[in-house]
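[1] Next input, structure requested:
(chains A, B and C)
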Amino acid sequence: MGRNPSDLILFIGKRLVQLVPVLFGVILLTFFFTHLDLTNVCNEWYPHAGGATIHACEASVNQPLLNQFFQYLVNLLHGNWGSDVYGAAVYPAIAAALPATLELVFASLFLMVVVGIPLGVIAAQYSGRWADHLVRVFYLSGWATPTYLGAVVAAVFLGPLLGLPSGGYFSTRAVPFPQYTHASILDAMLAGSLPYTVDAIDHLILPATVLAFINMGIATRMTRASMLEVLPLDYVRSARMKGLSEFWVLYKHALRNALITTTTVLGITAGGLLSGTVVVEEVFQWPGIGQYAYASIGGGSSVPNFAGAIAVVIIFAIAVVAANLIADILYGVLDPRVDWR
Amino acid sequence: MAKGSARPIIRPESGALVVWRVLRSNPLSLVGFLLIVVIAILAVVIAAAPHLVVPYGPQHQTGAVHAPPSWKHPFGTDTNSYDIFSNVLLALPLDLGIGLLIAGTALFAGGFLGLIAGFFDRPRTVGGAVSIVILRVTDIFLSFPSLILALAITRALGLGVGPTVLAIGLTWWPYYVRLVRGEVLAVKNLPYVIAARASGVSEWRILGRHVVRNVLEPLVVYFTLDVGTVLVTYSTIGFIGVASKYPGPQPEWGAMLAFYQSSGAINAYPWEVLAPGAAIFVTVFAFSLLGDGLRDLLDPRTRRAFVRSTTGHDPPAESAPEPLASGTSDRPAPSVSGLDRGVAT
Amino acid sequence: MLEVQHLSITYTVGAGSFPAVTDVSMKLYPGRVVGIVGETGCGKSTLAKAIPRLLPEPPATIGGGRIIFRGTDLVHVSKRQLPMVRGTGIGMIFQEPLNSLNPAYRVFDQVAESIRIRHFREMGYVKSFQGGEVPFDYSKRPTETVSSSLTKPFLPAGTAGEVVRDRLRSRSDYRREVLEYLRLVRINDPETILDLFPHELSGGMRQRIMIAMALSEKPSVLIADEPTSALDVTIQAQVLTLMKELIEEVQTAILFISHDLGVIAETADEVGVMYAGQIVEYGPVAEVFHNPRHPYTKALLRAAPNRYKSEGPLSAMAGSVPNLSRLPTGCRFHPRCPLVQAVCREKVPTLDPIDGAPATPGVAAHASACFFQKEVPNLP
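    Coordinates of the predicted model:
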């Protein structure tokens, strides 16, 4: 028994190797699903494009599907993710949008952990009583709120009410410092500008809150369930018997063990959070991958962007896989009984 | 200790009895259940005989533009002078039907695959090979946020209700494979199943009589929650503008909301956005309330607390599969709660 | 030190209620061990957990009686004050060593936490439960570590200085003290054990650590609730030997719960025999075991395997422990009693002193709750 840090590295390495076939499958599935309807795919994807694009598209479409796939795969490995209707390359656009999305997702994850987990503890502590029912109504409302509804309500009604900006990244488009990281708060902090940092945080609050509120149920529910499982256990009783106050019994002894399962579930929420960004970023005009996905798919009145759509699906799938991997590793780190093998 | 002699034997109960016990003990679930009944009756009536409850046609010009809510127009009218209340009602059968259809199909398809993957997973047999293939494909599907993949597939198949339903359906079944396989693995090595096998009961009979019966309950509970999730996903695709067009002969909540949001002046006529939003919220909320309460009963973690609170006794310890960190491929057989799907919107 | 007076505890479950403990009284003194013995389900564990108010309320309710600790009735102490009573005031060793340690923390962290709780209370950094009497300090061991005595001259006296001094206690100070307690419970290789997680330890080892944790808080009262029952027989003997040595060493007031007559005989000074939630016989161990005055005690002794008499079959007691929801009227033992008379079915016997019992000063007199206590010695 006993675990060495070197085992952890080996453990992570093995997980990474196991991901290769999954990623290959992800690309394969995405590609074939998006090429299912072969009759007039070019007109469908490039409705407003000029003759040259349609021509090039039809030339590639006329090849056998397998050839197309391998061509796509080879291009992908060379960093060529295709280009949109206007000839703009997909990869740089995505690379620039990713940090903004990560900023948003991590901000909501932070809110989910800071608000959702204590709510779960409270619900478990008062299980079956009104506090429990109240928490349930709260997280189930989040669960039942479609992202677009939450986003629109927050942007249109809540924003003006709270005096928070409900659109964009900064208050001005022309920010007087270079955006190295493309994550607003980080950039403003790197530039050493306090007003801009505050401005960036202000702009982040509403979209992150909406995203967190809608996905909160998973964290709260899981925390509540695991706490209910842990609370009657002997070691919680012995912690109580040590003379610890109820706060420490709950948050140091019980929650520490309940968190092990909650962490795994938080990994699963990555999919929900990322899906949520499509609508949230569009409504809040957040310049991230979600907004890019919305435009690529042809949401609203935008021109669809075939290559962009495929790329976004693949990126999101990779993100979900990565999130699950991280949750897996955290599980092993949090639970000393798990062997790193 | 002192209660030992008075401990009752806790027998497995029939599904209906369990539902009744949850409803009685949890006021929230009861509210959800009643709401679902009302919504379902309403949906059937609207689908069969719309003139009974729906005051106007979907594109009936009432003559009043942007009228505020009144007795004549409970949710007001919009910029085209269409009655919003009628449109919200007319969207109910479609949205609810799609929720049931997709979740139902996923239940049967995913459930069937999950049964195979869970029950016939002995290595070096045909069944074992098949179950490995099923699991790998499931894993890949589970890597996608369903909404995004469904969006891309819809785009490739062409716009409209049919392609959207097909697209969501294609991405929806893997959760059920996971759920059913996990339950099957937990059930199939229980002493009474082994005893049945030892006494010569055929594998198919064991599958039909014991395993399916035990899997059914969590499946139905998960289905209850899932109808709402499908509904949200579908209406989100509607909101993005890929599934349905609004205004049109067949209204849809997501598309309605998108239309009213983009047609401007939300602050002047907030009810236009709030009406379809409230409709979808109430529908999904009803399913969530019921599903969440039911799930409490099936989750080994909360079940103990539930049984304790209603009967005062600790139920016998369950042999719930211990979650362990392992590869994405053979992750712990998830319990109902372990399968929380990120609300895919 | 601690006095239990007429304590009654009821479990309310659904519509029914079960009197788990009825009218139990006892007194604990420093340096003396009171044993409680009885069959499974007789309420002895409920009693043990009720004293530090550890029972979940509901379903349990304390129906009546008082638990006087340091001059205060614990039955009426608020939930916020309870933590102050536990640990340093009343310590407890549980039956289930396997699950009583938190699986997520190393041994060091868990023992150090107990020590930290005590330190904070000793320093007055955290309020501790005072009650009416001055807390009894049994320890002869030095509580000061090297570093705290070194810093003493440089710091001002008074509470602020004490707090600073405790803040200065480094991890290595705690480590030293934890090691001290691990050695106290006869752990051979404390340095290695320190950094292990509970799941890496054997049951006996875990119970030693539980004992170390309880002792490190220097409780005035220690409750041991079947500390050896869940262990293997060989480990049981070891832990029991350890307990006996520690009882000599720490001179605290101890309540020792066991279903094992032999264990009680070896450890306790006084013993209470429990049946169906009541104490039916109470007195000095030697008195009770050699001269039982209640038919139940007699039967219990007869049923216990005797190491000196290997011949003959073991005698089992007729009947079984009554269902707590349908207790017999009168004396609760009467359906199984060989001396039963009409009066036993109607009247409840009280715990009355035995006539002519040798009075030892400071020790409770031998008493039995039987109308026919004089006839018990004549039973086979």
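[2] Just the pLDDT at the most centrally placed residue in chain A, thanks.
    The centre of chain A sits closest to residue A:274, judged by C-alpha atoms, centre = their mean, with a distance of 3.4 Å. In the predicted model, residue A:274 carries a pLDDT score of 89.
[3] Would you tell me what helix or strand it is located in?
    Using DSSP states H and E, residue A:274 maps to helix A:255-283.
[4] sorry, back to before: what separates the residue nearest to the centre of chain A from chain B, distance-wise?
    Going from residue A:274 to chain B by C-beta to the nearest C-beta, to the nearest Å gives 5 Å. Just so you know, the C-beta spots here come from the backbone N, C-alpha and C atoms, and that holds for glycine as well.
[5] So that residue sits against residue A:104, correct?
    No. Under the criterion of C-beta atoms under 8 Å, residue A:274 makes no contact with residue A:104, lying 9.9 Å away.
[6] So for these two, which residues contact both of them?
    Jointly contacting residue A:274 and residue A:104 under the rule C-beta atoms under 8 Å, 6 or more residues apart in numbering or on different chains are residue A:290.
[7] quick one: secondary structure of residue C:36?
    Look at residue C:36: counting by DSSP: H, G, I helix; E, B strand; the rest coil, its state is strand.
[8] what's the neighbour count on residue B:194?
    Using other C-beta atoms under 10 Å in any protein chain shown, residue B:194 is surrounded by 12 other residues.
[9] can I get the CA coordinates of the strand or helix carrying it in PDB?
    Assigned by DSSP H and E, residue B:194 belongs to helix B:191-198. Taking C-alpha atoms only, helix B:191-198 is exported to PDB below (Å, rounded to 0.1, in the frame of the first residue of the first chain):
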ATOM      1  CA  PRO B 191     -27.400 -14.100  -4.200                       C
ATOM      2  CA  TYR B 192     -30.900 -14.900  -5.400                       C
ATOM      3  CA  VAL B 193     -29.900 -14.600  -9.100                       C
ATOM      4  CA  ILE B 194     -27.000 -16.900  -8.500                       C
ATOM      5  CA  ALA B 195     -29.300 -19.300  -6.700                       C
ATOM      6  CA  ALA B 196     -31.700 -19.200  -9.700                       C
ATOM      7  CA  ARG B 197     -28.800 -20.000 -12.000                       C
ATOM      8  CA  ALA B 198     -27.500 -22.800  -9.800                       C
END
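[10] Buried residues, that helix. List them.
    By neighbour count, with 16 or more other C-beta atoms under 10 Å in any protein chain shown as the criterion, the buried positions of helix B:191-198 are B:193, B:196, B:197.
[11] number of nearby residues for the residue of chain A found nearest chain B?
    As assessed by C-beta to the nearest C-beta, chain B sits closest to residue A:272 within chain A, at 2.0 Å. Counted with other C-beta under 10 Å, residues neighbouring residue A:272 total 26.
[12] Please tell me how far it sits from residue A:215.
    5 Å (C-beta to C-beta, to the nearest Å).
[13] got it, and residue A:332?
    24 Å.
[14] what about those two, which has more around it?
    residue A:215 (32 against 24).
[15] What confidence value was assigned to the more buried one?
    Predicted confidence (pLDDT) for residue A:215: 90.
[16] Then the one 5 residues further on?
    Here, the pLDDT recorded for residue A:220 equals 91.
[17] thought it was touching residue A:121?
    No. With contact defined as C-beta under 8 Å, residue A:220 does not count as touching residue A:121 (9.3 Å).
[18] Neighbour count for the two, which is higher?
    Shown here are residue A:220 and residue A:121; by other C-beta under 10 Å, residue A:220 has more neighbours (29 against 21).
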